[in-house]
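**Q** have a look at this fold, sequence not included:
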């Protein structure tokens, strides 16, 4: 028996359906912190019945349902299924695989399923109790549980051993026996009180006989009136019940329709959620593209404005340069204005220069640190240079030889393999004609037999289906009989309680007799029901077997046809393959000889090079972590310094341009004629610069037009996706509103149907009470009651003649008020007679019999009490025996495991009260090597964790379970202790399946399979699996 698979859907971070297929041996679950690894452990605890939300690391149980993320909506329920391989029959159930499912809805409702059938948690716990998996889940060691074991008191540590030893079911048996004892004591007191009361009633019975004789005639009148009123009640209630059934049918039809509409709406909502999840990355990409293009547009627009301004400025200078003979005073005034602007820009240059100085100083400081670190690393590298210089060339030469030898070896192996394959193929091809012809003949001969088997199985399937239908109908009939018997028994018991309160011993005896008869009938019908269920189960198994054989036969026929076709094709190409294989074999033999000679030469060279290389020691690399950090800081500082320089350069260029302009104006004013000759050259240069600036501006304009178009497209795409999302969210909102309305209506209809069922059950019970009352109290069957005493029948009358005798009178129509008046008058007459017992002598005898019966019951109860006390003692002895053996085994295993985990140390388990094995707690003494302490609180954190692990493993080895789950139990251990613990895990793997949540690489190395858990960008955990043994075998 082992844990085969687990399916999580909507549980914590596992929003999507996730299946983990476990193998026998060790399975490791790895992943970064926060990825959801421990949720796998929580899911296993939860599906096996964990009821504490805090144990699942939550505040309330609804916290296990996926709560949603920014990119994914929350879910309405959590579902976890775990499949256990039961091929060895450890679990007491007739299935080779057992699937346990737990579902929790956000409204708080939940359910358990066993192989798809709804069941109770108690049934699941009892099913698993004998397999070593207790209710307290000691096989699941979660985060923090090691500290809980260490901090536990001795009684709580005893509970761990009892849980593993299966003592809990015996303690439950003892508790049940004690409850029965308490209930039995109450029954004893009740029977004793009843006996006293019956003895008190014996004396007045003799006086009642005379009065009973006078009351006979009046009682006859009372009986007739009661029968007619009872028949009226019966017919009226049957009519009302028929109306209620019709109304309930209408409600059920509407309820089914609402359920279908609600399921459709929920399915559509799930579909829209899936579409939203798939389109969300597209929307994010479209938004990022839009923002990126917008930023590029602003950058290009800045380049365009700068180029246009420079082009305009150069063009104005060129135009100004064309003009000659300007007024020197005007030129000086213009130069003066430019000098003022130059002063303002000079102040800005100063501010930028200060910022540049700050950034430069910061850069120099970091570069100084970097230089020191580079000097240190350079010194280390220079120290290694001599070693590396001598070995680098040799290593390169050796690697080259090895690569060439590996390549040659690979080629030789390939040629050898191909040559062998070609030889084998040549041999096979030469024999293929005979083999293929033989196979074709065999298939041709076997097809008639397969056809006959196929037809025979078709007939058997039809016969098995008919047989299954017959047993199903029989089971339905027997179930109806049992339901009727159970209803009558319930009614008898209720009547018995009512009659007992009246003290009418005759009726008590009759009701008791009828109750016993009904109980006997119920037992017989239940036995028939169980027998028919067994026959139905057998018929179902036969049908499943026949269907399986039918599918196998059909598969064989199809395989035979496919094989025939394939053989015919093979026969056509076999001859050509023989010729091709012979030619290929000659070519491969020549190539193989040449490759072998080349490899021999290279191996001689490699041996000589390795002998020389091994005389040198491998150099040790210096630590470059700090150097890389400083280089990163220098890079950041240089970026800031460059940015400051660019800013300063821009301002200085503007200042220089203004200064040049002012100087040009001043020079122009002083040397107008000299400038005339130079003006032509400057005008051409500035004109060319203006053209270049204008070209840059035009190019930027074209790029701006293109990027604007791209922005429009990106914006349209973004708006389209956002509109799609808005429309979808609107539809989801509408669906949820509709779902809530349908759910409300469904709840109302369900409540109405339930109320109608209750009302109909009450009507049915009242009808049954009337029928039982007619049969048991008035001694008449129901059919006679309705036919002869119904409201459509006339009522006979009687009158008293002169002799005091009652003679028949005229018939009168039935009227309920008259019959009620008649009944009341007759009952008043009986009341005037006082207490009447027409069967005084019979009641006296019956009362004596009742007393004897109660005395026997009293003795039986006393005997049963003694038996229950014996059971309690037997359970105590059994618990003591089981715990003693389990404790001794655990203590022995603890000493062995402790000595392995703490070589040279001393650890043992001690009973707090050895004289009382039923209540004694268990304490732990641990003395690691080299220490004299025994108290756990004085140990280090790693030692305490290792002691707790030692105790758990001792329990596991003393009383093995099919599987164990451990969540980061080795996290606090160093390499040495981890290695020891992994050795113990290797031993546990031989008898049990281990599932370990870990971050340790060495733990992963012993695993048979790995599961990697990662958190996707949308906040949902995802699982990736790898079978390590398969990878090792392939490599």
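**A** The structure has been received and is ready for your questions. None of the values given here were measured: they were computed from a predicted structure.
**Q** and the residue nearest to residue 56 when sequence neighbours are not counted, how many neighbours?
**A** Take residue 56 and drop its neighbours on the chain: the residue closest to it by Cβ to Cβ, 6 or more residues apart in numbering is residue 42, 4.8 Å away. Bear in mind the C-beta positions are built from the backbone N, C-alpha and C, glycine included. Residues near residue 42, counting by other Cβ atoms under 10 Å, number 24.
**Q** can you tell me the SS state at residue 42?
**A** At residue 42, secondary structure determined by DSSP: H, G, I helix; E, B strand; the rest coil is helix.
**Q** quick one: it from residue 90, how far?
**A** In this view, residue 42 and residue 90 are 25 Å apart by Cβ to Cβ, to the nearest Å.
**Q** now do residue 164
**A** Taken as Cβ to Cβ, the span from residue 164 to residue 90 is 15 Å.
**Q** more crowded one of these two?
**A** residue 164 (25 against 17).
**Q** quick check: closest non-adjacent residue to the more buried one.
**A** residue 959 (4.0 Å).
**Q** do the same with residue 919
**A** Per Cβ to Cβ, 6+ apart, closest to residue 919 is residue 913, 6.7 Å.
**Q** what helix or strand is that neighbour located in?
**A** Using DSSP states H and E, residue 913 sits within no helix or strand.
**Q** that one: what's it in contact with?
**A** 919-921 (Cβ atoms under 8 Å, 6 or more residues apart in numbering).
**Q** can you turn the buried part of the residues you listed into a ChimeraX selection?
**A** Here is the ChimeraX command that selects the buried residues among the contacts of residue 913 (16 or more other Cβ atoms under 10 Å):
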select :920,921
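**Q** so what's residue 230 up against?
**A** The neighbourhood of residue 230, defined by Cβ under 8 Å, 6+ apart, consists of 770, 773-774, 778, 785, 789.
**Q** which strand or helix spans it?
**A** Going by DSSP H and E, residue 230 is in helix 216-322.
**Q** and for residue 1026?
**A** strand 1021-1027.
**Q** model confidence for the residue nearest to residue 164, exactly?
**A** What the model reports for residue 959 is a pLDDT of 76.
**Q** which is the next helix or strand following the strand or helix carrying residue 852?
**A** Counting by DSSP H and E, the element that carries residue 852 is helix 840-901. Following helix 840-901 in sequence order, the next helix or strand is strand 906-911 (DSSP H and E).
**Q** and that next one, what other elements does it pack with?
**A** helix 840-901, strand 922-927, helix 941-958 (3 or more Cβ pairs under 8 Å, 6 or more residues apart in numbering; DSSP states H and E).
**Q** now, of those, which is deepest in the fold?
**A** Most buried of the helices and strands packed on strand 906-911 by mean neighbour count (mean count of other Cβ atoms under 10 Å) is helix 941-958; its value is a mean of 23.
**Q** tilt between the next helix or strand after it and helix 941-958?
**A** Once helix 941-958 ends, the next helix or strand along the chain (criterion: DSSP H and E) is strand 963-967. Orientation of strand 963-967 against helix 941-958 (axes from the mean of the first three to the mean of the last three Cα atoms, to 10 degrees) gives an angle of 170 degrees.
**Q** list the buried residues in the next helix or strand after strand 963-967.
**A** Next along the chain after strand 963-967, taking DSSP H and E as the criterion, comes helix 975-989. Residues of helix 975-989 classed as buried by neighbour count (16+ other Cβ under 10 Å): 977-978, 980-982, 984-985, 988-989.
**Q** likewise stretch 1-15?
**A** Those would be 1-4, 6-15, for stretch 1-15 by 16+ other Cβ under 10 Å.
**Q** next one: stretch 901-918
**A** Buried, per 16+ other Cβ under 10 Å, within stretch 901-918: 901-902, 905, 907, 909, 911, 917.
**Q** go on, stretch 106-126?
**A** 112-114, 124-125.
**Q** what is the nearest of these to residue 305?
**A** Relative to residue 305, the closest of the buried residues of stretch 106-126 is residue 113; by Cβ to Cβ it sits at 71.3 Å.
**Q** show me what the helix holding residue 852 is packed against.
**A** Partner elements for helix 840-901 (3+ Cβ pairs under 8 Å, 6+ apart): helix 154-165, helix 168-201, helix 208-214, helix 505-613, strand 906-911, helix 941-958, helix 975-989.
**Q** which pLDDT value goes with the nearest residue to residue 268 once chain neighbours are set aside?
**A** Of all residues not flanking residue 268 in the chain, residue 735 sits nearest, at 5.8 Å (Cβ to Cβ, 6+ apart). Note on residue 735: pLDDT of 78.
**Q** correct me, but residue 735 touches residue 272?
**A** Yes: at 7.3 Å, residue 735 counts as touching residue 272 under the criterion of Cβ atoms under 8 Å.
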